[in-house]
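Please find the sequence and the predicted model below.
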Amino acid sequence: MDFKQNINKNKLPKHIAIIMDGNGRWARQRGEERIFGHENGVRAVRETVEAAGELGVSYLTFYAFSTENWCRPQKEIDTLMELLVKAIHNETPELIEKGVRLATIGDVESLPEKCRKELADAIEKTSHNTKLTVTVALSYSSHWEILNAVKDIAQQVKEGKINPEDIDKKMFQSFLQTQGMPDPDLLIRTSGELRISNFLLWQIAYSELYFTPVLWPDFGKKHFYQAILDYQRRERRFGKT
Ligand code: IPE
Ligand code: IPE
Ligand code: MG
């Protein structure tokens, strides 16, 4: 079956968010260190970005490193950060060529200096691109994001810049990391885990959720198309009848 052919281009999700999970298990199944799985996960990211670009999806957001992931063994964290620097460095020319704008959400300040530099460079170089926005969530968690928003709003109230009565949904969203981005229409999680793990909790209020047992390093265009086809078969009611 040609999955791509069956996708309705007029009903594409505008924003797809992805919880890339299962790298460690993929490596273990092969008798390798967990990091081997992370290395092979880069290919899946590249393929997904390519597929999204070809279809005309506007926003793609990847959960790459959570606030809680800082509790992993230091060696795994270090290698993940090195991998990130390498991947961003290698992929930037391709992003530029394909009209992809790179963005990040999360506590980027907490990343090693080398990562921040590489990211800032890639973000700058791709800042004029408009075809597809690829956002990487790094040192991100919804609890961190929402608490920060609350603190920032409280500070502005204290300074008399905001009237508490004026705090509404629109204003609150403007204090989130994702400000200016539409909410995800579709959230994909790989590896068979049925949870959200602190990802975009505010933003996925009405997102369609798609879980697949495929481990992230095995994820490819075909799986991405399958998720979109599944999404297109659903009826989104947003609380209405
Ligand atoms: C996802 O794969 C990548 C990150 C969270 C950085 P995992 O490393 O969580 O792999 P599993 O879930 O242990 O298999
Ligand atoms: C979620 O995966 C975080 C990322 C994909 C970056 P985890 O592997 O960290 O989540 P849990 O521990 O299974 O909930
Ligand atoms: Mg995991």
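Looks like it came in fine. Ligands and ions are numbered 1, 2, ... in the order given.

Residue 3 touches residue 227, doesn't it?
No. Judged on Cβ atoms under 8 Å, residue 3 makes no contact with residue 227 at a distance of 9.7 Å. The C-beta positions use only the backbone N, C-alpha and C, and glycine is treated the same way.

could you pull out the helices for this protein?
Using DSSP state H, the helices of the chain run over 3-6, 23-29, 34-55, 74-97, 113-125, 142-158, 169-173, 221-232.

For residue 193, find the nearest of these.
Relative to residue 193, the nearest member of those by Cβ to Cβ is helix 23-29, separated by 10.0 Å.

what does the closest one rub up against?
Contact with helix 23-29 is made by 33-38, 40-41, 191, 215-218, as judged by Cβ atoms under 8 Å, 6 or more residues apart in numbering.

What subset of these is buried?
Buried by 16 or more other Cβ atoms under 10 Å: 34-38, 40-41, 191, 215-218, out of these.

Between the residues you listed, which sits nearest residue 13?
Using Cβ to Cβ, the buried ones among the contacts of helix 23-29 come closest to residue 13 at residue 216, 19.4 Å.

still on that earlier bit, so between residue 3 and residue 227, which is more surrounded?
residue 227 (24 against 15; other Cβ atoms under 10 Å).

Pretty sure the more buried one sits against residue 210.
Yes. At 4.7 Å, residue 227 and residue 210 qualify as touching, with contact defined as Cβ under 8 Å.

So which bits of the protein are right by ligand 1?
20-25, 34, 65, 69, 80, 191, 216 (Cβ under 6 Å from any ligand atom).

Looking at those, which two lie furthest apart in space?
Going by Cβ to Cβ, the pair spanning the residues of the chain next to ligand 1 furthest: 25 and 65, at 17.4 Å.

These two: who's more crowded?
A count of neighbours by other Cβ under 10 Å puts residue 65 above the other of residue 25 and residue 65, at 23 against 16.

Contacts for stretch 53-61, please.
Contacts for stretch 53-61 (Cβ under 8 Å, 6+ apart): 4, 7, 9, 12-18, 48-49, 52, 98-100, 105, 131-137, 178, 181-182, 184, 200, 228.

How about it, which residues are buried there?
Buried, per 16+ other Cβ under 10 Å, within stretch 53-61: 53, 55, 57-61.
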